[in-house]
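S.K.: Attaching a predicted model along with its sequence, questions to come.
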Amino acid sequence: MSSGKDDSTGWKKFLRKHWGIVALFVVVGVLAIIGVFYVLLWFVKDAETTGLVPSTLALWTMANLVSFILYLVFWELVFIGLPVLIVGLLGWTWWRRLPSKEKEEYEPFGRGSRRGRAGGGLSALVFIGFLIKVYVDGYWNVAISTWTLDYVVGSVITVIVWMAVIFGIPATIVGLLWIRREMHRKP
């Protein structure tokens, strides 16, 4: 909700008064983005030379892929995530120390919709299910290039069916119990 003030005026005032800290955070943000790519390039080169993964993609197995992703996430968190977290905590501390009257004047953080942030978990859940199916089928250390399209598509559909059964049956039971309770409820 807006308080009737022009939001852009608050931002302009904020930027004029605190230009140094804003510039610092912009520089840190740009350095973090550049750093993410440098760590990625370093890790890719290092992963091939150390033998973590084969240099030819056709020889990669699911074990190589999962190891590569986990190690990459670890090194990105160490070299980029922790420094950004520290800078973020310093920024949050700085923001908390501003007088509340001044913070109300700026209103820099409007009420956003939660709707735009939803939906990322389903694909991750399908991928985890796919990893489990590949492992159970015995294809964990088999080169991905030898897999057929039929196997990949069939596996993904199987995982989606598993998810429908695992989550659908309890959801149906809860839904039926809720409908039954609502039908017997007295007004």
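M.R.: Everything's here; your move.
S.K.: Give me the longest helix you can find in the protein.
M.R.: helix 149-184 (DSSP state H).
S.K.: and that helix, which residues are buried?
M.R.: By neighbour count on 16 or more other Cβ atoms under 10 Å, the buried set for helix 149-184 is 155, 159. All C-beta atoms are positioned from the backbone trio N, CA, C, and that covers glycine.
S.K.: Output the contacting helices and strands for that helix.
M.R.: Applying 3 or more Cβ pairs under 8 Å, 6 or more residues apart in numbering; DSSP states H and E, one finds that helix 149-184 makes contact with helix 121-137.
S.K.: what distance separates the helix it packs on from the centre of its chain?
M.R.: 17 Å (Cα atoms, centre = their mean, to the nearest Å).
S.K.: as a whole number, average confidence for it?
M.R.: Helix 121-137 shows an average pLDDT of 92 in the prediction.
S.K.: Stretch 163-181 now?
M.R.: For stretch 163-181, mean pLDDT is 89.
S.K.: Give me the contacts around it.
M.R.: Outside of stretch 163-181, the residues within contact range by Cβ atoms under 8 Å, 6 or more residues apart in numbering are 125, 126, 129.
S.K.: Domains in this protein, by residue range?
M.R.: 1-110, 118-187 (automatic domain parsing).
S.K.: By mean pLDDT, show me the worst of the ones you listed.
M.R.: Between those, the lowest average pLDDT goes to domain 1-110, which shows a mean of 84.
S.K.: How far off centre is it?
M.R.: 13 Å.
S.K.: cool, stretch 121-139 as well?
M.R.: 18 Å.
S.K.: Equivalent analysis for stretch 163-177, please.
M.R.: With Cα atoms, centre = their mean as the basis, stretch 163-177 stands 27 Å off its chain's centre.
S.K.: ok, now stretch 130-150?
M.R.: 25 Å.
S.K.: Next one: residue 70 from residue 43, what distance?
M.R.: 11 Å (Cβ to Cβ, to the nearest Å).
S.K.: Show me which of these two is the more surrounded one.
M.R.: More neighbours surround residue 43 than the other of residue 70 and residue 43, with 18 against 10 (other Cβ atoms under 10 Å).
S.K.: Okay, and the more buried one sits in which element?
M.R.: helix 19-50 (DSSP states H and E).
S.K.: Who are the packing partners of that helix?
M.R.: Judged by 3+ Cβ pairs under 8 Å, 6+ apart, helix 19-50 is in contact with helix 62-76, helix 82-97.
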